[in-house]
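*Asks:* Attaching a predicted model along with its sequence, questions to come.
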Amino acid sequence: MRRGVALAVAGAVLASVCLAGFLGYYLYQHHLSSDLKRTLVAAMDPHCSVADVQQYLHAARPLVRTKRDAEVLAQTQEAFEMAADAQQTAQFLQQNPLQMLKQVWGAELGEETWKMQNDAEDREQVEATKLFNQVRSELGMPPLPQR
């Protein structure tokens, strides 16, 4: 009888220890490391140059310790890449207006082309802003101001 009770108690203790270990590991993997958070918040400063942002992102890579860290860093990098792509697209469209094509091809390129151009530019900007706001939320920062 005593031996059965002792085995039951030992089994309960072992199960509790295993559950606590699993729960601790789960919580650790799903939190954001404070060092990484500080680095990414600094990278999100609107006064940072592109070179500064690249340095912050490079410095953030060795600070990744958890799954959550890797996810947030990947989102941050993607947000900066999308913003850079949107900026390049806007610069290209400003430097190469479709007006020249309009003159060459005549009336075939009308308002629909201009609308498609503006819609594509707006979509890129909206997606980049949405991702930036998601990352800022993860870092405990307020969303970007509406333009």
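*Replies:* Thanks, I have it.

*Asks:* Can you pull out the low-pLDDT segments for this structure?
*Replies:* 1, 27-28, 93-121, 147 (pLDDT under 70).

*Asks:* Residue 3 versus residue 130, what's the distance?
*Replies:* From residue 130 across to residue 3, the span is 63 Å (CB to CB, to the nearest Å). Backbone N, C-alpha and C define where each C-beta goes, glycine included.

*Asks:* Kindly report the same for residue 25.
*Replies:* For residue 25, the distance to residue 3 - CB to CB - is 33 Å.

*Asks:* If you count surrounding residues, which of residue 130 and residue 3 has more?
*Replies:* For residue 130 versus residue 3, neighbours defined as other CB atoms under 10 Å are more numerous around residue 130 (14 against 7).

*Asks:* any idea which element the more buried one lies in?
*Replies:* helix 111-138 (DSSP states H and E).

*Asks:* I'd like the distance from whatever helix or strand residue 54 lives in to the chain centre, please.
*Replies:* Element membership of residue 54 [criterion: DSSP H and E] is helix 50-60. The chain centroid and the centroid of helix 50-60 are separated by 14 Å under CA atoms, centre = their mean, to the nearest Å.

*Asks:* buried stuff in the next helix or strand after it?
*Replies:* Per DSSP H and E, helix 50-60 leads on to helix 67-95 as the next helix or strand towards the C-terminus. By neighbour count with 16 or more other CB atoms under 10 Å, helix 67-95 contains the buried residues 68, 69, 72, 73, 75, 76, 77, 79, 80, 82, 83, 86.

*Asks:* residue contacts, the residue at minimal distance from the centre of the chain?
*Replies:* Closest to where the C-alpha atoms of the chain average out (CA atoms, centre = their mean) is residue 75, at 2.2 Å. Residues near residue 75 by CB atoms under 8 Å, 6 or more residues apart in numbering: 131, 134, 135, 138.

*Asks:* swap the cut-off to 7 Å and go again
*Replies:* Counting by CB atoms under 7 Å, 6 or more residues apart in numbering, residue 75 makes contact with 131, 134, 135.

*Asks:* Save those residues as JSON lines, and put in distance to residue 123 and neighbour count too.
*Replies:* Output for the contacts of residue 75, formatted as JSON lines (distance: CB to CB, whole Å; neighbours: other CB atoms under 10 Å):
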{"residue": "131", "distance to residue 123": "13", "neighbour count": "18"}
{"residue": "134", "distance to residue 123": "17", "neighbour count": "15"}
{"residue": "135", "distance to residue 123": "19", "neighbour count": "22"}
